[in-house]
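Trainee: Structure of the sequence below:
(2 chains)
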Protein chains: 2
Amino acid sequence: MKLSQLGEFGLIKNARDIFKSLNENIVVGIGDDCAAIKLRKGFLLITTTDALVEGIHFKLDYIEPYQLGIKSININLSDIAAMGGIPLYALLSIAAPPNFSVKFMGEFFKGIKDGAKRYKVSIIGGNVSSSKNELSINITILGEVEKKYMVLRNGAKAGDKIFVTGWLGDSAAGLAILKKGQGARGKGQEKLINKHLMPIPRLTEGRFLAVKKLATSMIDISDGLASDIRRICEESNVGANIFTKNIPISRELKSEIRNPKSEINLALYGGEDYELLFAVKPEKAGKLKSLWEDMKIPITMIGEITKRGINLVNTDGKAIPLTKEGYNHFKG
Amino acid sequence: MKLSQLGEFGLIKNARDIFKSLNENIVVGIGDDCAAIKLRKGFLLITTTDALVEGIHFKLDYIEPYQLGIKSININLSDIAAMGGIPLYALLSIAAPPNFSVKFMGEFFKGIKDGAKRYKVSIIGGNVSSSKNELSINITILGEVEKKYMVLRNGAKAGDKIFVTGWLGDSAAGLAILKKGQGARGKGQEKLINKHLMPIPRLTEGRFLAVKKLATSMIDISDGLASDIRRICEESNVGANIFTKNIPISRELKSEIRNPKSEINLALYGGEDYELLFAVKPEKAGKLKSLWEDMKIPITMIGEITKRGINLVNTDGKAIPLTKEGYNHFKG
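Mentor: Have a look, this model is predicted:
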């Protein structure tokens, strides 16, 4: 069945059934003019919105609707992670062409639901609309954070050590494999692909860093290390040296690319890794390493905050200004 | 200059400059991973999101970017009005083709800013992205309301009187004039057009009805009276009789259409009037009329809530089931 047969109100009814929630702080959920929620005292409300547009952020020939649902919610949750916050609620706004199938929408909604459920996030409202050509997804997340724990982009100081969670460049490599089309793929390739299609928000890690007051500034890597370290530096009015040899490259990426320079380029400019990039006071860097032992995702020290200038420091110690950036909408 | 020359980060910088706000409850505004805000104790947070998609909700050959900005914010504020709430903050997500001009975006942002400012709403965050073909606008509004004052769709009871603010059908008539193209237009026609391009959210009226505990249920008319009375009836599990002769038709609409049946059809199915439709206990209906005296926008009693069935009662007293509905996305 097509959306043109089900109609707007049928789709809203489906969404309402799929997303129904028993969270007692939701006073009004999907179905009224607004959602209404009770919030905890002593917390700031944090909120973020992000879009995924067909043909720009994804192509339907390589992403399944369920995966698209997971990705849509997870990339938004990643922004909550980067503040050290706890995600709570989501609003979903979808514009889809009328010839889209109801089945597609059902699987997409299922992905959103499962992605949200994993982090105890309730879908409390939204909007569905038709579009001419493109599927367009907008998600707004609401969450909470204590003011004393909140981590912004602007707190980095010269001397701080720069860390990153997980491995960089995998998502871009996964996308490149997808673009090549179908074919026999190894386990490592599937892992890279999954990193691109269903990135995992580092909520546990971000919250841990915040509550332990370990990070002086933090951001999630959506546009690539080169772009996102620049944002921390600009907001904090500092510089950074990134040590090429320290940038964490996964076994899977190495075996896929087999060219150290290309691997580093994917890490710097590839984007969509949704790992956390953060700065830590030098006297806390040692403590961090021991505190981190029980966490599932590793962290790596990749550089240090300086007074000014953003440089890539090569294995021979040579500092090269890092001027190129990752993906830039409109410019490409 | 095109967006493709300015780039994503240039556009974000422009937005940050335009939307900067001094509201002391905004702990983090535009420019970090999330916005962070302090909320008042004793209030529920209310939130709503709505989309405007080029080619579906608007065409750029008849709406100016400034007007589009005003409309984008106002239709979202209308949902806050329908809950009896106070709007506070907005998040803005825009997807635009790279060949759009920076000037267009500047005027569009100016419209959003002016629309928001009029109701003391601060833009606290958002997202910009490119799109292939269509300009797509998503706005999320955050507001507050006391639980005791909040008005939902589900509170109507048989016997309640049904009221509406302002006049119905003007917006659809304005759109029809716009679609006919340029030409000499009278003052009345300009008024109808403005009602379509820059609808006014009935925030003062909605808040008044809520605080005085006058409305048992309320909705804003976005899809036409026929669709929106159905939503109140379905949520409240009741029916309604709408008296054709009572439906408020403006002088401007009458002089434009000159056919009572067509005028009523525009009121029932035209949509986008963004007037408030609400039910009032019969014993409070008289009091409402006297309390309303100082308000700028009139209200009209257009019918009453019944046990079941939604009917249009003609001037001869004949009740005709109201089955047809207004605009339905995907179905058209």
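Trainee: Report the residue ranges of every domain in chain A.
Mentor: Taking automatic domain parsing as the reference, chain A has its domains at A:3-145, A:161-321.
Trainee: wait, which of those is closest to residue B:246?
Mentor: With respect to residue B:246, and counting by C-beta to C-beta, the nearest of the domains of chain A is domain A:3-145 at 23.7 Å. Every residue, glycine included, has its C-beta placed from N, CA and C.
Trainee: Would you tell me which one of the domains of chain A is buried the most?
Mentor: Burial among those, expressed as mean neighbours by mean count of other C-beta atoms under 10 Å in any protein chain shown, is greatest for domain A:3-145, which shows a mean of 21.
Trainee: distance between the ends of that domain?
Mentor: Looking at domain A:3-145, the gap from its leading to its trailing residue is 39 Å under the measure C-alpha to C-alpha, to the nearest Å.
Trainee: so which strand or helix has residue A:179?
Mentor: Assigning secondary structure by DSSP states H and E places residue A:179 in helix A:170-180.
Trainee: For the helix or strand just after that helix, name the packing helices and strands.
Mentor: Later in the chain than helix A:170-180, the nearest helix or strand by DSSP H and E is helix A:187-197. Using 3 or more C-beta pairs under 8 Å, 6 or more residues apart in numbering or on different chains; DSSP states H and E as the contact criterion, the elements in contact with helix A:187-197 are helix A:65-81, helix A:170-180, helix A:251-257.
Trainee: List, one by one, the residues from the stretch 151-300 of chain A near chain B.
Mentor: Within the stretch 151-300 of chain A, the positions adjacent to chain B are A:152-154, A:218-220, A:235 by C-beta under 8 Å from any C-beta of the partner chain.
Trainee: which residues of chain A fall in strands?
Mentor: Secondary structure of chain A (DSSP state E): strands located at A:26-28, A:35-37, A:44-53, A:86-96, A:122-130, A:136-145, A:161-165, A:217-220, A:239-243, A:276-280, A:299-306, A:310-313, A:319-321.
Trainee: Could you figure out how far the fifth one is turned away from strand A:136-145?
Mentor: This points to strand A:122-130. Angle of strand A:122-130 versus strand A:136-145, following axes from the mean of the first three to the mean of the last three C-alpha atoms, to 10 degrees, is 160 degrees.
Trainee: tell me the mean pLDDT over strand A:122-130?
Mentor: Model confidence over strand A:122-130, given as mean pLDDT, is 92.
Trainee: do the same with the fourth one
Mentor: Confidence for strand A:86-96, expressed as mean pLDDT, is 95.
Trainee: How far off centre is that strand?
Mentor: The chain centroid and the centroid of strand A:86-96 are separated by 15 Å under C-alpha atoms, centre = their mean, to the nearest Å.
Trainee: near chain B at all, that strand?
Mentor: Yes. Using C-beta under 8 Å from any C-beta, strand A:86-96 reaches chain B at A:89, A:91-93, A:95-96.
Trainee: Direction included, what does that strand pair against?
Mentor: Strand A:86-96 sits in its sheet next to strand A:122-130 (parallel), strand A:136-145 (antiparallel), going by DSSP bridges.
Trainee: What of the third one?
Mentor: Based on DSSP bridges, the pairing partners of strand A:44-53 within the sheet are strand A:136-145 (antiparallel), strand B:35-37 (antiparallel).
Trainee: residues in contact with the last one?
Mentor: When contacts are defined by C-beta atoms under 8 Å, 6 or more residues apart in numbering or on different chains, strand B:35-37 is touched by residues A:44-48, A:83, A:145, A:147, A:150, B:25-29, B:88-89, B:91, B:124-125, B:142.
Trainee: tell me the contacts of the residue of the stretch 201-332 of chain A found nearest chain B?
Mentor: Going by C-beta to the nearest C-beta, chain B is nearest to residue A:329 of the stretch 201-332 of chain A, at 3.8 Å. Under the criterion of C-beta under 8 Å, 6+ apart, the neighbours of residue A:329 are A:56, B:7-8, B:98, B:128-130.
Trainee: coming back round to it: mean pLDDT for the strands paired with strand A:44-53: which is lowest?
Mentor: Ranked by mean pLDDT, the strands paired with strand A:44-53 end with strand B:35-37 in last place, scoring a mean of 90.
Trainee: Max pairwise distance over the contacts of residue A:329: which two?
Mentor: Checking the contacts of residue A:329 against each other with C-beta to C-beta, the farthest-apart pair comes out as A:56 and B:7, at 14.6 Å.
Trainee: on that earlier part again, out of the helices and strands packed on helix A:187-197, which comes closest to residue A:201?
Mentor: Distance to residue A:201, taken as C-beta to C-beta, is lowest for helix A:65-81 among those, at 3.8 Å.
Trainee: got the angle for that closest one vs strand A:136-145?
Mentor: Comparing the axes of helix A:65-81 and strand A:136-145 via the same axes, to 10 degrees yields an angle of 40 degrees.
Trainee: Output helix A:65-81 as CSV, nothing but the C-alphas.
Mentor: Included here for helix A:65-81 are C-alpha records, laid out as CSV according to Å, rounded to 0.1, in the frame of the first residue of the first chain:
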residue,chain,number,x,y,z
PRO,A,65,14.3,1.9,6.2
TYR,A,66,14.9,0.2,9.6
GLN,A,67,18.6,1.3,9.5
LEU,A,68,17.5,4.8,8.5
GLY,A,69,15.3,4.9,11.6
ILE,A,70,18.1,3.8,13.9
LYS,A,71,20.5,6.3,12.3
SER,A,72,18.1,9.2,12.4
ILE,A,73,17.6,8.9,16.2
ASN,A,74,21.2,8.0,17.0
ILE,A,75,22.8,10.9,15.3
ASN,A,76,20.6,13.2,17.4
LEU,A,77,21.3,11.3,20.6
SER,A,78,25.0,11.8,19.8
ASP,A,79,24.6,15.6,20.4
ILE,A,80,23.1,14.9,23.8
ALA,A,81,26.1,12.6,24.6
